[in-house]
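Peer 1: Starting from these lines, generate the structure:
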Amino acid sequence: MKSNIKPKCFILDVDGVMTTGQFLYTADGKAMKVFGPDDNDGLSLLKSHIDIRFVTGDKKGFPISKKRIVDDMGFPLDIVSTIRRINWIEEQYDASEVIYMGDGIFDHYVMKKVGYAIAPSNADDVAKKHANFVTQRSGADRAVAEACLHVLEVFFTPFDPNEAPNSQSKLSGEWTV
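Peer 2: Okay, here's the model as predicted:
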């Protein structure tokens, strides 16, 4: 199942992919998002093979996403229009060398033009229709970790679950290895 094409960048939408897509509000406004387990570990296994970056169209929730994605995980995060996201990608990359993971009703515009597209199982039906791979897991329920293992399998070197990461491995740093 290994591909001869080597993608150069994995771009992930934050809301609905890394999170449940739900926003928790207080009287002061948007207060919380729910991120799931294992996704940062999956990204840690993949990051030595490909550039990884995140995008969000959520301006009001950007500080919450920045805290998790940039401050805790160390990945770049940009605010990018959900409608013009493919234009932003094409300004920076050859779209055929990009893997994109999204879930929303506008993500199929991106998925139709990038080299490879992934959607979580709870994504919009049109997004899933245009994805090359649909995870079994939902956003914020290990969908990104599953996608990372899939990308390793298809484009790079499959993860060997029988070989434990050692102290030389550059994992997420959130857990003791």
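
Peer 1: Residue ranges in this protein under the pLDDT threshold?
Peer 2: The chain contains residues with pLDDT under 70 at 1-3, 166-177.

Peer 1: the helices in it, which residues?
Peer 2: For the chain, the helices defined by DSSP state H cover 39-46, 62-66, 85-92, 108-111, 125-130, 143-155.

Peer 1: Including mean neighbour count and distance to K6, could those helices go into TSV?
Peer 2: No exception for glycine: its C-beta is placed from N, CA and C like everyone else's. Supplementary listing: the helices of the chain in TSV, determined by neighbours: other C-beta atoms under 10 Å; distance: least, C-beta to C-beta, whole Å:
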stretch	mean neighbour count	distance to K6
helix 39-46	23	13
helix 62-66	17	28
helix 85-92	16	17
helix 108-111	23	20
helix 125-130	17	22
helix 143-155	22	6
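
Peer 1: And the ones you listed: which comes nearest V55?
Peer 2: Shortest separation from V55 across the helices of the chain is recorded for helix 85-92, at 6.5 Å, computed as C-beta to C-beta.

Peer 1: starting at the chain centroid, how far to the closest one?
Peer 2: Relative to the mean C-alpha coordinate of its chain, helix 85-92 is positioned 16 Å out (C-alpha atoms, centre = their mean, to the nearest Å).

Peer 1: list the helices and strands it packs on?
Peer 2: Helix 85-92 sits against helix 108-111, with contacts defined as 3 or more C-beta pairs under 8 Å, 6 or more residues apart in numbering; DSSP states H and E.

Peer 1: quick one: the strands in the protein?
Peer 2: With DSSP state E, the ranges of strands along the chain come out as 9-13, 19-26, 29-35, 51-56, 77-79, 98-101, 116-119, 133-134.

Peer 1: Just send those back as CSV, with distance to I69 too.
Peer 2: What follows is these, written out as CSV (distance: least, C-beta to C-beta, whole Å):
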stretch, distance to I69
strand 9-13, 9
strand 19-26, 10
strand 29-35, 9
strand 51-56, 5
strand 77-79, 5
strand 98-101, 13
strand 116-119, 17
strand 133-134, 22
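
Peer 1: who touches the closest residue to V70 other than its chain neighbours in this structure?
Peer 2: Here the nearest residue to V70 in space, its sequence neighbours aside, is L77; by C-beta to C-beta, 6 or more residues apart in numbering that works out to 5.1 Å. By C-beta atoms under 8 Å, 6 or more residues apart in numbering, the residues touching L77 are V14, R53, F54, V55, T56, F62, S65, K66, I69, V70.
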